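A.B. asks: got a structure for you, letters missing:
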Ligand code: S3P
């Protein structure tokens, strides 16, 4: 079957729908890893069944943990903090997932055998030095390809020393990897971290692990000690705001339409896109706000918006919207005036160089933009109507490029040929199904 998806028709206006999107990817991966270290049976509902999460499950299975995967739930039979079985010459495949590849390393720093970590073509281009450097300070040995990439070998030690770590990028993956390593290490590991998503910290707190947190305006000061045990726990994963964002942007760019997305995780460290869109004039409301095991959850209501305004986006919002910029750029393309985004070099460190790709897609759409290694200026055109054929290919199968391009096609028109449809399986296998539901 062809893996090319063709869109020739704009979305029908005048829809008014309620949808649910899949479980949050960050929380799903963290639940799998923590449940694998807990003692006894943990169960998750609404766990995201995407390739990144399946890769996480495969890795813990390879480390000797039993997993029961059913249609409606997943059960993991953890064997406690020291329950992983390190066989000789094992290779763990993180596939496309930076989160999995980096977080698992923190848990392997006490392994007594050498373990090889591999990934797909995209993951093998990404920076693993950023986690290897601090993990070496604990005492683990890591050997990277070209000093930076996968495949890598890790050999842990029983003689771990706590570290002081300054996380300057706003990377939750780096922070979480060190938090996991700190959980295994006698003494107090101290992390000063630039703001980034805090799901790991919230889960540690919920599980009553020895973590302390001091939040200041720009940085968090975190202390973590060796955990004695993790009790098994059930978790109902809320929906993923990054997945919801495709339909939030579709709707805000579709006049006379509205959409409610149920039960979405609106953790303040994830809602940058909502703050940015509101500043640009989009009407968005959180309804039924509630707290679930430390995470904030709500239904998101969004309306098609006219007269969108350009934005000079504060870089303090970058980390909390880091996976949504391709979509935000589409809103800027339709806004009146010039929007600017800065300090975004991290965007080029994702599954593909997304800042470059954002600019490339805007060029194909006929939207003038000026891009550097860390910034972009977008010259909006509220009357944009695309009439030509646009082909999106060779983008390292980056799931967010495929899905953002589909939204652009539905909003601005033209004939789009999107290669690598299967890339959606990385984070959001239901994407096209929900898109059809909205258009029915
Ligand atoms: C994630 C952190 C972010 C994000 C990724 C998921 C996480 O990456 O882009 O999709 O679950 O911790 P960085 O930590 O590299 O910014």
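C.D. replies: It's in. Note that this is a predicted model, so its numbers are computed, not measured. Residues are numbered from 1 along each chain as shown.
A.B. asks: doesn't residue 239 make contact with residue 270?
C.D. replies: No: in terms of C-beta atoms under 8 Å, residue 270 does not count as a neighbour of residue 239; the distance is 11.5 Å. Glycine gets a C-beta too; all of them are placed from N, C-alpha and C.
A.B. asks: compare these two and say which is more crowded by neighbours.
C.D. replies: The neighbour comparison of residue 270 against residue 239 (other C-beta atoms under 10 Å) goes to residue 270, with 29 against 25.
A.B. asks: going by proximity to the ligand, name the top residue of the stretch 1-150 of the chain.
C.D. replies: Using C-beta to the nearest ligand atom, the single residue of the stretch 1-150 of the chain nearest to the ligand is residue 26, 3.3 Å away.
A.B. asks: ramachandran coordinates for that residue?
C.D. replies: According to degrees, to the nearest 10, the main-chain angles of residue 26 amount to phi -60, psi -40.
A.B. asks: please apply the same query to residue 19.
C.D. replies: phi -130, psi 160.
A.B. asks: correct me if wrong: it contacts residue 258.
C.D. replies: No: applying C-beta under 8 Å as the test, residue 19 and residue 258 come out as separate, 11.6 Å apart.
A.B. asks: could I get the phi/psi values of residue 28?
C.D. replies: Here is the backbone geometry of residue 28 (degrees, to the nearest 10): phi -60, psi -50.
A.B. asks: how about it: what's its closest non-neighbour residue?
C.D. replies: The shortest distance from residue 28 to any non-neighbouring residue, by C-beta to C-beta, 6 or more residues apart in numbering, is to residue 48 (4.2 Å).
A.B. asks: check residue 378 too.
C.D. replies: Using C-beta to C-beta, 6+ apart and skipping the chain neighbours, the partner closest in space to residue 378 is residue 332 (4.2 Å).
A.B. asks: just how off-centre is the helix or strand encompassing that neighbour within its chain?
C.D. replies: Assigning secondary structure by DSSP states H and E places residue 332 in helix 325-334. What separates the centre of helix 325-334 from the centre of its chain is 18 Å, taken as C-alpha atoms, centre = their mean, to the nearest Å.
A.B. asks: could you do stretch 361-381 as well?
C.D. replies: Averaging C-alpha coordinates over stretch 361-381 and over its chain gives two centres that are 24 Å apart (C-alpha atoms, centre = their mean).
A.B. asks: equivalent analysis for stretch 158-177, please.
C.D. replies: Using C-alpha atoms, centre = their mean, the offset of stretch 158-177 from its chain centre is 19 Å.
A.B. asks: okay, how far is it across that stretch, tip to tip?
C.D. replies: 18 Å (C-alpha to C-alpha, to the nearest Å).
A.B. asks: that one and the ligand in contact?
C.D. replies: Yes: taking C-beta under 6 Å from any ligand atom as the criterion, stretch 158-177 and the ligand are in contact, through 171-173, 176.
A.B. asks: turn the residues you listed into a markdown table, including neighbour count and pLDDT.
C.D. replies: Shown next, in a markdown table, are the residues of stretch 158-177 next to the ligand (neighbours: other C-beta atoms under 10 Å; pLDDT from 0 to 100):
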| residue | neighbour count | pLDDT |
| --- | --- | --- |
| 171 | 23 | 98 |
| 172 | 27 | 98 |
| 173 | 24 | 98 |
| 176 | 29 | 98 |
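A.B. asks: what is the most widely separated pair among these?
C.D. replies: The most widely separated members of those are 171 and 176, with 8.8 Å between them, by C-beta to C-beta.
A.B. asks: quick check, the residue nearest to residue 378 in contact with residue 310.
C.D. replies: Yes: A contact is recorded between residue 332 and residue 310 when judged using C-beta under 8 Å, the distance being 6.6 Å.
A.B. asks: out of the two, which sits in the busier spot?
C.D. replies: Counted by other C-beta under 10 Å, residue 332 and residue 310 do not tie: residue 332 has more neighbours, with 30 against 20.
A.B. asks: that one: what's it in contact with?
C.D. replies: 280, 310-311, 339, 341, 378, 380 (C-beta atoms under 8 Å, 6 or more residues apart in numbering).
A.B. asks: one more time with 7 Å, if that's ok
C.D. replies: Residues touching residue 332, when contacts are defined by C-beta atoms under 7 Å, 6 or more residues apart in numbering, comprise 310-311, 339, 378, 380.
A.B. asks: and what of residue 370?
C.D. replies: Taking C-beta under 7 Å, 6+ apart as the definition of contact, the neighbours of residue 370 are residue 377.
A.B. asks: can you give me the neighbour number for the residue nearest to residue 97 when sequence neighbours are not counted?
C.D. replies: With C-beta to C-beta, 6+ apart as the criterion, residue 97 has its nearest non-adjacent residue at 4.0 Å, and that residue is residue 52. Per other C-beta under 10 Å, the neighbour tally for residue 52 reads 23.
A.B. asks: now residue 190
C.D. replies: Using other C-beta under 10 Å: residue 190 sits among 17 other residues.
A.B. asks: direction included, what does whichever helix or strand it is part of pair against?
C.D. replies: Element membership of residue 190 [criterion: DSSP H and E] is strand 188-194. For strand 188-194, the pairing partners within the sheet under DSSP bridges are strand 164-167 (parallel), strand 219-225 (antiparallel).
A.B. asks: for the shortest one, which positions count as buried?
C.D. replies: For strand 164-167, the neighbour count (16 or more other C-beta atoms under 10 Å) marks 165, 167 as buried.
A.B. asks: what's the average pLDDT for stretch 100-113?
C.D. replies: Per-residue pLDDT values over stretch 100-113 give a mean of 97.
A.B. asks: now do the end-to-end distance for that stretch.
C.D. replies: In stretch 100-113, first residue to last residue: 20 Å (C-alpha to C-alpha).
A.B. asks: distance from the chain centre to it, please.
C.D. replies: For stretch 100-113, the separation from the chain centroid amounts to 20 Å (computed by C-alpha atoms, centre = their mean).
A.B. asks: near the ligand, anything from it?
C.D. replies: No: contact check for stretch 100-113 against the ligand, using C-beta under 6 Å from any ligand atom: none in range, with a minimum separation of 7.4 Å.
A.B. asks: which parts of that stretch are buried?
C.D. replies: Applying a neighbour-count criterion of 16+ other C-beta under 10 Å, the buried positions in stretch 100-113 are 100-111.
A.B. asks: quick check: helices, which of the residues you listed are part of them?
C.D. replies: The subset of the buried residues of stretch 100-113 located in helices under the criterion DSSP state H comprises 100-107.
A.B. asks: for residue 244, give me phi and psi.
C.D. replies: Here is the backbone geometry of residue 244 (degrees, to the nearest 10): phi -60, psi -30.
A.B. asks: right, and it touches residue 300 too?
C.D. replies: Yes: here residue 244 reaches residue 300: they are 6.1 Å apart, a contact under C-beta atoms under 7 Å.
A.B. asks: quick check: neighbours shared by these two?
C.D. replies: 261, 264.
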